[in-house]
Each structure stands twice: as C-alpha cells, then as structure tokens.
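*Asks:* coords please:
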Amino acid sequence: MKSAAAITAATTLPKWFLEECQSKAATPDLGPNDQPAIALIGCGGMGRGDAKNASRFARVVAICDVDEANLGEGKKMFPDAKGYKDFRKVMERDDIHGVICGTVDHWHAMVSMATMRSGKDIYCEKPLTMTIDEGKRVVKTMQETKQILQTGSQQRSDKSFRLACELVRNGRIGKLKHIDVWLPAGRREGPFSKSDVPAGFDWDFWKGQTPDVDYVKERTHVTFRYWWDYSGGTMTDWGAHHNDIALWGMGLDRSGPVSIEGKPLVTMIPGGFTASSEYEVMYTYANGVTHACRSTNDDSWFGGVVRKEGQHHGVKFHGSDGWIWVTRGSIQASNPELLVEPLGADATRLYESNDHMQNFFDCMRSRKPAICDAEIGHRSATVCHLGVHALRLGRKLQWDPKAEKFVNDSEADKLLAREQRKGWDYESVLGKA
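*Replies:* Okay, here's the model as predicted:
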C-alpha cells in the first residue's frame with residue numbers, strides 16, 4: 001500500500017518541468033488578414049475536429065468528401081467554405097496554403113503527395129501510410145518539394161510524453177532494457193452483409209486503390225480500420241501513437257527494429273472484421289532493447305502502474321534502475337524522485353512542441369521541419385506495419401531498417417507494397433511525378 005501511494009503521488013508533471021514549459025513564449029494570436037487559407041480533405045468526425053482545431057490559426061476555405069452526408073456536416077461547421085467531392089480539384093486552387101487530411105487511412109499517402117506536389121503544406125492524420133512503400137514515396141515527395149508535413153501523432157506535443165522520453169534518453173532509469181506498449185483491443189464482429197450504396201456516397205472513389213468489393217456498411221467510416229484492406233486494426237490506429245513514443249524514447253525515430261515476431265490471440269469471425277483484434281508482437285532493436293506491443297481489454301492494474309480511469313493503454317520504459325510509465329494525462333515512475341529531480345543544463349533535450357496543430361502552422365511560417373515530419377511519421381507507421389506483417393505471416397521476421405527491406409525473405413518483401421486497383425494507382429490518380 002505504501003508503494004502504491006508513492007506511485008499515485010507522482011502521476012502529474014513535476015513543478016520544474018511545468019515552469020520550463022510556461023516560460024516559453026506562446027505564438028501570438030493572428031488576425032484574419034494574417035491567417036493562411038486551408039482546405040479540409042475528409043469531413044468525418046476526426047477531420048472536422050482537426051479543422052476546427054486548425055481554425056484557431058487559419059481560415060477554412062474549402063472542404064472535400066466523397067460522401068455528401070459528411071460534406072454536409074462539414075458545411076455546417078464551415079458555411080463559407082466551398083465544397084468538393086474530388087480532392088484533386090482542391091489542389092488546383094493556388095489561393096490555398098495548407099491542407100488538413102482526415103480521410104480513411106488508405107487515402108493518406110496519395111492526398112499527402114498530391115498536396116505537396118501542388119505546393120501546399122499538409123497536416124495528415126495518422127497512420128501516415130497504409131504500406132511501407134507508400135511511406136518511402138511520401139518522404140521522397142517531402143524532400144523534393146520542401147513542403148511542410150505534420151503527421152497527426154499528437155502525443156509528440158504532449159508534455160508528459162516528451163518528459164518521459166527526455167528522462168529515458170538521459171539515463172534517468174539507467175540503461176534502457178525493455179519497453180511495454182499496451183494498445184486497446186480491436187473489434188471482433190461479423191459476419192456482415194452487403195447492401196445498397198447510400199445515395200450521395202461515391203463508393204468507387206472511396207475504395208480507391210483497394211480491392212473492388214461489394215458495399216458493406218461496416219467497411220466504411222469509423223469501422224474501416226478493422227479491415228486489412230484499409231488499415232491494420234488498433235495496431236496501426238493506436239499503435240501509430242504509442243509505438244511512436246517508444247521509438248522517440250529510444251532515439252530511433254528515424255530507424256527501426258531488426259526483428260519482429262507476433263501472434264494473434266483470437267481467430268477472427270469469417271465474413272467479419274479481418275484485422276487482428278487481440279494480439280502480441282515483440283520487436284528487437286540493434287541496441288539490444290526489446291519492445292512488446294500487446295492489445296488489452298483489462299480494466300485492472302497491470303504492469304505495476306495505476307491507470308487513469310478508462311485508459312486502456314500506454315507506454316512503460318524499463319531500465320536497469322527503474323521504470324517510467326506514461327499515458328495521456330498521467331506520468332508515473334517506480335520512484336517519484338526519478339521525476340522530481342530536474343534535468344541538468346547539459347542534458348539532451350527533445351524538440352519542444354506543446355500544441356501539435358500550432359506547431360504545424362508555426363512551421364508553415366518558419367519552414368522549420370514539423371515535430372512529426374514525413375520521415376518520423378513513416379518510421380512510426382513502419383513499426384506498426386511490421387507488426388501487422390508478423391501477425392499475418394505467423395513467423396519471425398528479420399528487418400534491415402537502413403535498407404527498409406526484409407533480410408533474405410522474398411515472401412515478406414511482397415508485403416512492402418500492395419497491388420493497386422486498375423485506374424486508382426499512383427499515376428492514374430496523381431499523374432506522372
């Protein structure tokens with residue numbers, strides 16, 4: 001009980017760290033004439049939320065969605081914005097400076113590349129890509145165009161996660177040995193039946209590069225992420241957040257693991273969702289650190305930490321001298337003193353952003369890379385994709401993070417990209433680079 005009380009007492013950020021954050025000057029409020037014009041591509045709930053957040057710094061002048069129902073909801077929020085059904089028409093406007101991409105996952109890469117090729121900056125929701133090959137293409141496009149890309153992995157701009165990673169990087173828990181990542185379990189439902197496509201919904205455009213299948217309501221909107229065709233389940237959904245923090249804490253956010261093995265813990269229902277809903281994956285890195293990523297439905301204590309009520313996931317760094325646990329709204333340590341003692345003047349400090357959307361707009365002005373640029377977003381997504389591949393193949397995989405290829409494994413290499421539906425491939429949608 002005494003130990004539990006000590007842990008609970010250290011669930012908030014230490015005073016020294018909060019004082020550091022408060023001493024930083026905030027970006028001044030901008031008048032309407034100083035605000036860039038932006039477009040929202042993908043007017044679902046996440047996209048509208050991102051655009052509302054962005055409207056603190058910009059004017060939303062265009063909205064786009066292949067579903068007229070979503071477009072209508074976007075119009076209610078931004079009545080002065082012009083509506084579109086084809087995002088490529090938005091790219092033709094030279095009065096738009098930036099884009100918010102809130103589409104389904106399998107459109108993220110193409111919208112990002114089209115945006116940057118048109119000379120606009122982009123805030124793209126996570127996961128940045130659907131395949132590792134897509135990630136390499138997006139990184140190349142950012143490098144060639146010099147545009148700003150911010151991946152929506154907003155935990156990079158959360159004080160608790162930055163503090164945890166700075167402490168780990170500076171040896172506060174001794175030599176880093178292992179990282180535990182817990183993600184919410186996915187959905188295991190079905191079978192589902194096909195039905196008529198709703199009026200005003202361009203199902204063919206929505207499918208894009210993915211397989212040509214009959215319309216099933218559960219394949220779209222919020223539940224799209226539970227199908228391999230369009231996403232990777234919670235492994236790529238929440239994994240793009242927490243596995244990103246694992247990489248950041250290790251200082252390997254522009255690299256990756258050298259081996260991956262995983263197994264699904266349940267069998268999915270035939271005719272239903274296809275992405276593994278419960279699973280465990282183990283990564284090993286060249287520095288010897290291991291990283292376990294597991295789904296959980298458990299509401300009790302786990303891993304020796306006190307969870308925030310309703311919080312089913314987080315990241316725990318284990319070192320030779322203790323541990324640090326971090327999740328949204330909470331940071332804890334095996335000994336509260338690990339958090340209380342300030343970092344020294346010569347300590348390694350990480351890129352500081354305390355507002356993810358503000359960082360995007362600050363970088364639009366300064367042309368400084370965003371805190372979660374294309375390469376970081378790609379590498380974080382890659383870790384998740386590698387976990388998905390290990391789950392699907394059911395065997396251990398060896399990975400070369402520098403070459404971004406599997407080691408002597410031609411079968412696994414076929415998973416680096418996906419076959420694209422005729423008429424919806426990169427060249428057909430985006431034109432020649």
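*Asks:* pretty sure R59 is touching D34, no?
*Replies:* No. Contact criterion C-beta atoms under 8 Å: R59 and D34 do not qualify, at 10.2 Å. Where you see a C-beta, it was placed from the backbone N, CA and C, and this is true even at glycine.
*Asks:* okay, the two: which has more neighbours?
*Replies:* More crowded of R59 and D34, by other C-beta atoms under 10 Å: R59, with 17 against 11.
*Asks:* List the beta-bridge partners for that one.
*Replies:* Judged by DSSP bridges, the bridge partners of R59 are A37.
*Asks:* who's in contact with it?
*Replies:* Shown in contact with R59 (C-beta atoms under 8 Å, 6 or more residues apart in numbering): 32, 35-38.
*Asks:* can you check D253 too?
*Replies:* Contacts of D253 by C-beta under 8 Å, 6+ apart are 244, 247, 376, 379-380.
*Asks:* just G83 next, same as before
*Replies:* Counting by C-beta under 8 Å, 6+ apart, G83 has contacts 62-64, 71, 74-75.
*Asks:* about what we covered before: filter the contacts of D253 down to the ones in strands?
*Replies:* Judged by DSSP state E, strands contain none of the contacts of D253.
*Asks:* closest to L167 among these?
*Replies:* Relative to L167, the closest of those is L247; by C-beta to C-beta it sits at 15.9 Å.
*Asks:* one step back: and the contacts of D253 as TSV, adding pLDDT?
*Replies:* Output for the contacts of D253, formatted as TSV (pLDDT from 0 to 100):
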residue	pLDDT
D244	98
L247	98
I376	98
R379	98
S380	98
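*Asks:* Am I right that Q332 is in a helix?
*Replies:* No. Assessed with DSSP: H, G, I helix; E, B strand; the rest coil, Q332 is strand; it does not lie in a helix.
*Asks:* need the contact list for I173.
*Replies:* Taking C-beta under 8 Å, 6+ apart, one finds 167, 317-324, 333-334, 338 in contact with I173.
*Asks:* Could you look up the SS state of it?
*Replies:* Taking three-state DSSP, the label given to I173 is coil.
*Asks:* And the pLDDT for the residue nearest the centre of the chain?
*Replies:* The residue lying closest to the centre of the chain (C-alpha atoms, centre = their mean) is K126, at 3.2 Å. Looking at K126, its pLDDT is 98.
*Asks:* Equivalent analysis for E20, please.
*Replies:* Taking E20 on its own, its pLDDT is 81.
*Asks:* my guess is it is in a helix, correct?
*Replies:* Yes. Per three-state DSSP, E20 lies within a helix segment.
*Asks:* Now do it against R162, distance only.
*Replies:* According to C-beta to C-beta, to the nearest Å, E20 and R162 sit 11 Å apart.
*Asks:* quick one: which of the two has more around it?
*Replies:* R162 (24 against 16).
*Asks:* got a list of what Q209 touches?
*Replies:* 106, 110, 418, 420-421, 424-425, 429.
*Asks:* now, which of those sits nearest A370?
*Replies:* For the contacts of Q209, the nearest to A370 is M110 (19.8 Å; C-beta to C-beta).
*Asks:* got the contact list for that closest one?
*Replies:* 208-209, 426, 429-430 are the contacts of M110 under C-beta under 8 Å, 6+ apart.
*Asks:* what's the answer for S320, then?
*Replies:* Per C-beta under 8 Å, 6+ apart, neighbours of S320: 173-175, 177.
*Asks:* picking up where we left off before, show me the contacts of M110 that map onto helices.
*Replies:* Of these, the ones assigned to helices by DSSP state H are 426, 429-430.
*Asks:* can you map out the helices along the stretch 301-433 of the chain?
*Replies:* Ranges of helices in the stretch 301-433 of the chain, per DSSP state H, counting those that start in this stretch, are 337-340, 356-366, 374-393, 410-413, 426-430.
*Asks:* pLDDT (mean, whole number) over the last one?
*Replies:* In other words, helix 426-430. For helix 426-430, mean pLDDT is 96.
*Asks:* buried stuff in it?
*Replies:* 426, 429-430 (16 or more other C-beta atoms under 10 Å).
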